[in-house]
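Asks: sequence-free structure coming up:
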């Protein structure tokens, strides 16, 4: 995009969830690039915000969020503001994730935003004993079958996919990264930081991991002109859960699965853990995806090795 005098104008990119760890990483990456004017929408404060990044501290469902798009000249939306807190009520989850995402997509269509990137997760496929070895983007999203807390994430993914087909003049990209490790406060990283890590007797699933900075790289690839579609985003390889814990030197306590469920349920009920019972399936069954489409069409390649990715949880 060029102005009348031939100089290149900055592209304005809106990031929802900018105050979260991944949001801050993306904002700083785009800010350093120099081509982008970054506008963040997040009701949380943005600690350590660079002075020329705009932070609109409002709810994504509010009219003030619409004003960001109404002002015009937005060239892309990166939607990372999905609520994952399993202790929030189902009503709040649904209102924030579904109603909020629906409004954002409506704004993009109404105000002619040419690019939309939705950060989903490979967890939408769900861990199951009968999963194919590597699931493609065409596989059914079965994550909510035994995990109601992930239902909204699947609905957000479906909203993005429907928007892809409905708004053909907008380049819509849905990214489904595997387990993200780093300083992020998500379930995989929090699990691997536990001082005593629980595992299930008789189960040692293969796991796919990706470094948080590689997720940011995949988003930057998705922002390139001409890119559209659904993409699984994989890291440097697959590894047994036991090998991850050995690499980190974490002490392990092994539970029989029939005992683990009531123990975790009691801990969850009394607020002694942040892991709901359905999370057990992720350390029990396989959920691995095929990332070849992202490699071939996005040109995405992870920059961090498997060892670097695993050890990313230690520096947080």
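Replies: Alright, I've got the coordinates. These numbers were taken from a predicted model, which means no experiment stands behind them.

Asks: going forward, measure contacts between C-alpha atoms and count neighbours the same way
Replies: Fine.

Asks: helix or strand with the lowest mean pLDDT in this structure?
Replies: Using mean pLDDT, DSSP states H and E, helix 90-94 stands out as the lowest-scoring helix or strand of the chain, at a mean of 67.

Asks: next SSE after it?
Replies: helix 100-110 (DSSP states H and E).

Asks: residues in contact with stretch 271-291?
Replies: 86, 122-123, 125-129, 131, 133-137, 146-147, 178, 187, 199-200, 203-208, 231-234, 241, 261, 264-265, 267-268 (Cα atoms under 8 Å, 6 or more residues apart in numbering).

Asks: 6 Å instead?
Replies: Applying Cα atoms under 6 Å, 6 or more residues apart in numbering, the external contacts of stretch 271-291 come out as 127-129, 134-136, 147, 203, 205, 232-234, 264-265, 267.

Asks: of the residues you listed, which one scores lowest on pLDDT?
Replies: Across the contacts of stretch 271-291, the smallest pLDDT goes to residue 147, namely 68.

Asks: which parts of the stretch 201-316 of the chain are helices?
Replies: 212-222, 241-248, 257-269, 292-293, 306-311 (DSSP state H, counting those that start in this stretch).

Asks: could I get those as JSON lines with distance to residue 53 and mean neighbour count?
Replies: Formatted as JSON lines, those follow (distance: least, Cα to Cα, whole Å; neighbours: other Cα atoms under 10 Å):
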{"stretch": "helix 212-222", "distance to residue 53": "17", "mean neighbour count": "22"}
{"stretch": "helix 241-248", "distance to residue 53": "36", "mean neighbour count": "15"}
{"stretch": "helix 257-269", "distance to residue 53": "39", "mean neighbour count": "15"}
{"stretch": "helix 292-293", "distance to residue 53": "33", "mean neighbour count": "16"}
{"stretch": "helix 306-311", "distance to residue 53": "29", "mean neighbour count": "18"}
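
Asks: comparing the ones you listed by mean pLDDT, which bottoms out?
Replies: Ranked on mean pLDDT, the bottom entry among these is helix 257-269, at a mean of 79.

Asks: got a pLDDT number for residue 4?
Replies: 41.

Asks: before we move on, what about the one 5 residues further on?
Replies: The pLDDT attached to residue 9 in the predicted structure is 58.

Asks: renumber starting at 12 from here on
Replies: Renumbered: residue one is now 12, and that last one reads residue 20.

Asks: report how many residues lie close to the closest residue to residue 147 other than its chain neighbours.
Replies: Nearest non-adjacent residue to residue 147, counting by Cα to Cα, 6 or more residues apart in numbering: residue 301, 5.2 Å away. Using other Cα atoms under 10 Å as the criterion, residue 301 is surrounded by 16 other residues.
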